[in-house]
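Trainee: with the input below, show me the fold.
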Amino acid sequence: MQFKIPKNTEKYEWTQHAAFKMKQYGLTAQRILRVVKNPQRTEEGIVKNTIAVMQPASLRTKDGKRVWSQEIWAMYQLRSRGAISKSQFPISKKIQNQKSKIRLISAWRYPGVSPKRDPIPEDILRELGL
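Mentor: Coordinates of the predicted model:
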């Protein structure tokens, strides 16, 4: 299978680093967008004004619990009208309604289950309607 470099669109902008990492880890643009649109876990990114989102690569049920052995992560930044957005929270509905753009900075696979670090509080996610 040949790797296709993702193209920038009206809603999404891809960095060269993200494309390189996608090729390295065997990830497609569609898979990364699925992680961004429907994350299982959302955290503040390690870089200022970024958001990191995660989905398990594949789920299985063991003793009534959902378990996985690998995670797919994406780190992005919300940009609006050419400037960086002040918000550090993932606002999927807001992106659709406003002239915001998502700049995908990086993507990677994590072997195993990563420890939780600085999750965005549930009450804020509920308030934003996510």
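Trainee: so, low pLDDT: which residues of the chain?
Mentor: Within the chain, the stretches with pLDDT under 70 are 1, 81-99, 118-121, 124-125, 128-130.
Trainee: okay, strands next: where are they in it?
Mentor: Applying DSSP state E to the chain gives strands spanning 12-14, 41-44, 51-56, 60-62, 65-67, 70-80, 83-84, 100-111.
Trainee: closest one to residue 33 among these?
Mentor: Closest approach to residue 33 among the strands of the chain is made by strand 12-14 (7.1 Å; CB to CB). Just so you know, the C-beta spots here come from the backbone N, C-alpha and C atoms, and that holds for glycine as well.
Trainee: number of nearby residues for residue 51?
Mentor: If you count neighbours by other CB atoms under 10 Å, residue 51 ends up with 24.
Trainee: ah, wrong one, I meant residue 32
Mentor: By other CB under 10 Å, the residues close to residue 32 number 25.
Trainee: just the one 3 residues further on next, same as before
Mentor: For residue 35, the count of nearby residues is 22 (other CB under 10 Å).
Trainee: what residues are up against it?
Mentor: Taking CB atoms under 8 Å, 6 or more residues apart in numbering, we find residue 35 in contact with 53, 54, 55, 72, 73, 74, 107.
Trainee: out of those residues, which one sits closest to residue 64?
Mentor: Nearest to residue 64 among the contacts of residue 35, counting by CB to CB, is residue 55 at 20.7 Å.
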